[in-house]
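> here's my sequence, what's the structure:
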Amino acid sequence: MKLIVFGATGATGRLFIESALAAEHSVTAFVRDSKRLPMNHSSLRIVEGDAMDRASVASALPGQEAVICALGTMPEGKSDLARRQPGVPVCSVGTKNILAAMDSYGCRRLLVESSASVGDSFSAGFLGAGFIVRLALRQVMADKELQEAATMASVCDWTILRPVKLTNAPAKGNLRAGIALRWNIASRATRADVANYMVNILADRSTYRKAITLKN
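Purely as a prediction, here's the structure:
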């Protein structure tokens, strides 16, 4: 499958690319600075652009069969500091630009990395976990709410992934996934397991138009 990854230089985005290449997909990494993705592979193409610019996003979509949106809000370098939350709606604006481009070019499959506490996963958190996350990351979660709303209103075959607190630990192979999966403030998920799960469900129609919570 021909895939394009937005947020490719982020921690989850990089792991998704590695997993997708291992599964013999053809991957386009959409990045602001190619120097931040020092990866070489015969099935990897790196395209520079800005997810906040609709024309830039649209130029990268022709020929793609699936889109992975792993846009984040944390700076990866000094040049990103002005784009850091609060106040910069990278996830919602970037996703709206992606959706517009998908509609223009007839690409239907979309995976969006969101977060536990967003949408109806808020009420699935034990002992006020959803409230705690929203309180600590108020503007980040508000941006993700807008991102999810735009995704759910689209006509594409979307799947929203809502991982709990992400870690950089090695994959454990025991990731749990569920629409109403209960979680708490101590719940964790490895980025490697989340990335592998995303690759595994690319063609899984049972996950279409569903928002799925993930935890180890």
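> what's in contact with stretch 37-50?
Contacts with stretch 37-50, where a contact means Cβ atoms under 8 Å, 6 or more residues apart in numbering, come from 8-9, 14, 17-18, 21, 24-34, 56-57, 59-60. Bear in mind the C-beta positions are built from the backbone N, C-alpha and C, glycine included.
> how about the nearest residue to the residue lying farthest from the centre of the chain, chain neighbours excluded?
Residue farthest from the centre of the chain, counting by Cα atoms, centre = their mean, is Leu127 at 26.6 Å. Once flanking residues are discounted, Leu127 sits nearest to Asn184: 6.3 Å by Cβ to Cβ, 6 or more residues apart in numbering.
> before we move on, the earlier item: now the residue farthest from the centre of the chain, what's its secondary structure?
helix (DSSP: H, G, I helix; E, B strand; the rest coil).
> just the pLDDT at it, thanks.
According to the prediction, Leu127 has pLDDT 88.
> what's the spacing between Phe126 and Asp120?
15 Å (Cβ to Cβ, to the nearest Å).
> now the residue nearest to Ser154 when sequence neighbours are not counted: which helix or strand?
In this structure, Ser154 finds its nearest non-sequential neighbour in Leu99, 5.0 Å apart by Cβ to Cβ, 6+ apart. Element membership for Leu99 (DSSP states H and E) is helix 90-105.
> pull out the buried residues from that helix.
90-102 (16 or more other Cβ atoms under 10 Å).
> quick one: it to chain centroid distance?
Relative to the chain's own centre, helix 90-105 is displaced by 13 Å; criterion: Cα atoms, centre = their mean, to the nearest Å.
> ditto for stretch 109-116
5 Å.
> return stretch 101-116 as PDB; C-alpha atoms alone will do.
Taking Å, rounded to 0.1, in the frame of the first residue of the first chain, the C-alpha atoms of stretch 101-116 are listed here in PDB:
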ATOM      1  CA  ALA A 101      -6.500  17.100   0.100                       C
ATOM      2  CA  MET A 102      -7.900  13.600   0.600                       C
ATOM      3  CA  ASP A 103     -11.200  14.700  -0.800                       C
ATOM      4  CA  SER A 104      -9.600  16.300  -3.800                       C
ATOM      5  CA  TYR A 105      -7.600  13.300  -4.800                       C
ATOM      6  CA  GLY A 106     -10.000  10.500  -3.800                       C
ATOM      7  CA  CYS A 107      -7.900   9.000  -1.000                       C
ATOM      8  CA  ARG A 108     -10.200   7.400   1.600                       C
ATOM      9  CA  ARG A 109      -8.200   5.700   4.300                       C
ATOM     10  CA  LEU A 110      -7.100   7.800   7.200                       C
ATOM     11  CA  LEU A 111      -5.500   6.900  10.600                       C
ATOM     12  CA  VAL A 112      -5.400   9.700  13.200                       C
ATOM     13  CA  GLU A 113      -3.300   9.500  16.400                       C
ATOM     14  CA  SER A 114      -5.300  11.400  19.100                       C
ATOM     15  CA  SER A 115      -5.200  10.700  22.800                       C
ATOM     16  CA  ALA A 116      -7.100   9.100  25.700                       C
END
